[in-house]
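Novice: Task: produce atomic coordinates for the following.
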Amino acid sequence: MPKVMAVNAGSSSLKYKLYQMPEEKEICSGMADKIGHEDAAFILKFNGEKHVETLPILDHTKAVALLLEALVKFGVVASLDEIECVGHRVVQGGKYFSKSAEFDPDTEHKIDILTPLDPLHAQAHLLGFRAFKKALPNVPAIAVFDTAFHQTMEEEDYLFPIPYEYSVKYDCRRYGAHGTSHNYLAILGEKNYGAKRIISCHIGSGSSLAAIKDGKCVATSMGLTPLGGVMMGTRTGDMDPSVMDYLATCTGKDVHELYDIFNKKSGFLGVSGVSNDTRDVEEADKSGNKQAQIASKLFARRVADYIGSYYVRLGGADLIIFSAGIGENSAYYRELILKDVEEALGLKIDYELNSKIRGKEALISLPESKIKVAIIPTDEEVMIARDCYKRIVDGRI
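Specialist: Purely as a prediction, here's the structure:
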């Protein structure tokens, strides 16, 4: 049976999962963390065991070499020849990619020129690709884009109300993110619940919602970059654009300094003053911390606003899905959000059941609810593995 590798390379990390296909059996997983440091960590989880090593990992090439060496050393594979395809997560595909693509020189070039739209991830993805290509030169590689699923949006859903020439000349538009996750959730939403009109809530440290009809995205919350949409761990989400100019005047900071603050020091962290981690904010909230309480309510209200607007955009809804770090694991934030929309949307929720669900699939709406509400753990890596398998079987994506 063929084996495929799903890779997610960050600026200082490289996460991976090895699958046996077509069974979609996860063989091993792990990561290299703190790449570029002398005290980096290499982690391999295999056969119920976790192997951890602290050592210098100065670049992604070294991280990939350690990974491939460990696969043989610990008997994960008898030979690296067993790996038949490597799939790479890529955040930003711009206007160029409506589906996964061969990671060839043209794809590499387009990801490179899209760096201004994704300065945090684009170059890291390329580093990961190049490191694997160097180590496994004869193994096909594919790029799986977070933005691809959202390419089915209509102009009135993805354009910004700016001079049209800017939209055209600079490709300035809504691209969205987490598309691989939303696609996975749409597939399971239809398969397990018969839903055609789905509001998918991928909410974690980074959060986005999508309105999905007949398996296709019609609207999504993140914008030109992952800064847009709902409030997140450290990001503002949508707000009045004049806030930038006003705060520049008030603080004397320039646009670049404020943009950094909006990305890295806002959201839960900025409002609560406690943490970007909702587990810490929730604890402070329940302990009576006023700012933490405001942060929790603000987040819930922003997500609820999008759920309401997507209900209208879809002409109703069959299913609301909660997924990702917060959506899968926090009964508290799910309840806050649902309480904000239940009256308007005719929801009937089993809140006792909701309080017991963490990290597993469950239908938490009652039979009399006008819309089903489910928790579905996402799996972006298995979507990458599926495209790798398609490449092996069909010879193309």
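Novice: Could I get the full set of helices for the stretch 51-200 of the chain?
Specialist: Counting by DSSP state H, counting those that start in this stretch, one finds helices in the stretch 51-200 of the chain at the ranges 60-73, 105-113, 122-135, 155-158, 164-169, 179-193.
Novice: surely K253 meets L247?
Specialist: Yes: the pair K253 and L247 qualifies as a contact (CB atoms under 8 Å) at a distance of 7.0 Å. Yep, even glycine has a C-beta here, placed from its N, CA and C like the rest.
Novice: Let me see the contact set for the spatially closest residue to Y333 that is not a sequence neighbour.
Specialist: Nearest non-adjacent residue to Y333, counting by CB to CB, 6 or more residues apart in numbering: I326, 5.3 Å away. Contacts for I326 (CB atoms under 8 Å, 6 or more residues apart in numbering) come out as I203, G204, S207, T278, Y333.
Novice: Could you take the residues you listed and lay them out as CSV, with extra columns for distance to A219, pLDDT and neighbour count?
Specialist: Shown next, in CSV, are the contacts of I326 (distance: CB to CB, whole Å; pLDDT from 0 to 100; neighbours: other CB atoms under 10 Å):
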residue, distance to A219, pLDDT, neighbour count
I203, 16, 95, 26
G204, 20, 91, 20
S207, 15, 94, 29
T278, 25, 92, 27
Y333, 22, 98, 21
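Novice: just to revisit the earlier point, assign a three-state SS to the residue nearest to Y333, would you?
Specialist: With DSSP: H, G, I helix; E, B strand; the rest coil as the basis, the three-state label of I326 is helix.
Novice: Could you find the closest non-adjacent residue to S11?
Specialist: In space, S11 is closest to A124, 4.4 Å off (CB to CB, 6+ apart).
Novice: list the contacts for that neighbour?
Specialist: A124 neighbours (CB under 8 Å, 6+ apart): A9, G10, S11, H60.
Novice: Mind jotting down where the strands sit in the stretch 151-300 of the chain?
Specialist: Applying DSSP state E, counting those that start in this stretch to the stretch 151-300 of the chain gives strands spanning 197-203, 207-213, 216-220.
Novice: Including distance to G87, could the ones you listed go into TSV?
Specialist: Shown next, in TSV, are those (distance: least, CB to CB, whole Å):
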stretch	distance to G87
strand 197-203	19
strand 207-213	21
strand 216-220	21
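Novice: To Q20, which of the ones you listed lies closest?
Specialist: strand 197-203 (26.7 Å; CB to CB).
Novice: strands paired with the closest one, and their directions?
Specialist: Note on strand 197-203: by DSSP bridges, its sheet partners are strand 207-213 (antiparallel), strand 319-323 (parallel).
Novice: Just the buried ones from the contacts of A124, in ChimeraX syntax?
Specialist: Per 16 or more other CB atoms under 10 Å, the buried members of the contacts of A124 correspond to this ChimeraX selection:
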select :9,10,60
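Novice: and the contacts of A124, which of them are in helices?
Specialist: For the contacts of A124, the ones inside helices are H60, with DSSP state H as the criterion.
Novice: nearest to V393, of the contacts of A124?
Specialist: The shortest gap between V393 and any of the contacts of A124 belongs to A9, at 25.4 Å (CB to CB).
Novice: contacting residues around the closest residue to that closest one other than its chain neighbours?
Specialist: Spatial nearest neighbour of A9, chain neighbours left out: G128 (2.7 Å); criterion: CB to CB, 6+ apart. G128 makes contact with V7, N8, A9, L14, H60, V64, H88 under the criterion CB under 8 Å, 6+ apart.
Novice: Highest neighbour count among the residues you listed?
Specialist: Neighbour counts for those peak at A9, which has 28 neighbours (criterion: other CB atoms under 10 Å).
Novice: beta partners for that residue?
Specialist: Beta-bridge partners of A9, counted by DSSP bridges, are L14.
Novice: can you start the count at 232 instead of 1 from here on
Specialist: Happy to do that; since the first residue is 232 now, the last one works out to A240.
Novice: Do I have it right that it meets L358?
Specialist: Yes: under the criterion of CB under 8 Å, A240 makes contact with L358 at 6.1 Å.
Novice: okay, and the common contacts of the two?
Specialist: Common neighbours of A240 and L358 (CB under 8 Å, 6+ apart) are H291.
Novice: Tell me the buried residues in the lowest-mean-pLDDT helix or strand in the chain?
Specialist: Within the chain, no helix or strand scores below helix 353-366, which has a mean of 88 by mean pLDDT, DSSP states H and E. Buried positions in helix 353-366, judged by neighbour count with 16+ other CB under 10 Å: A353, A355, H356, L357, L358, G359, F360, R361, A362, F363, K364, A366.
Novice: Same question for stretch 618-628.
Specialist: Within stretch 618-628, the residues that qualify as buried are D618, C619, Y620, K621, R622, I623, I628, counting by 16+ other CB under 10 Å.
Novice: Strand partners (parallel or antiparallel) of the helix or strand containing F273?
Specialist: Element membership for F273 (DSSP states H and E) is strand 268-277. Counting by DSSP bridges, the strands paired with strand 268-277 are strand 256-264 (antiparallel), strand 280-288 (antiparallel).
Novice: could I get these as TSV with distance to L249 and mean neighbour count?
Specialist: Compiled in TSV, the strands paired with strand 268-277 are given as follows (distance: least, CB to CB, whole Å; neighbours: other CB atoms under 10 Å):
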stretch	distance to L249	mean neighbour count
strand 256-264	5	19
strand 280-288	14	13
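Novice: Reformat the ones you listed as a markdown table; add mean pLDDT and distance to L416.
Specialist: Below are these laid out as a markdown table (pLDDT from 0 to 100; distance: least, CB to CB, whole Å):
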| stretch | mean pLDDT | distance to L416 |
| --- | --- | --- |
| strand 256-264 | 94 | 19 |
| strand 280-288 | 93 | 28 |
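Novice: For burial, what's the neighbour tally of H340?
Specialist: For H340, the count of nearby residues is 11 (other CB under 10 Å).
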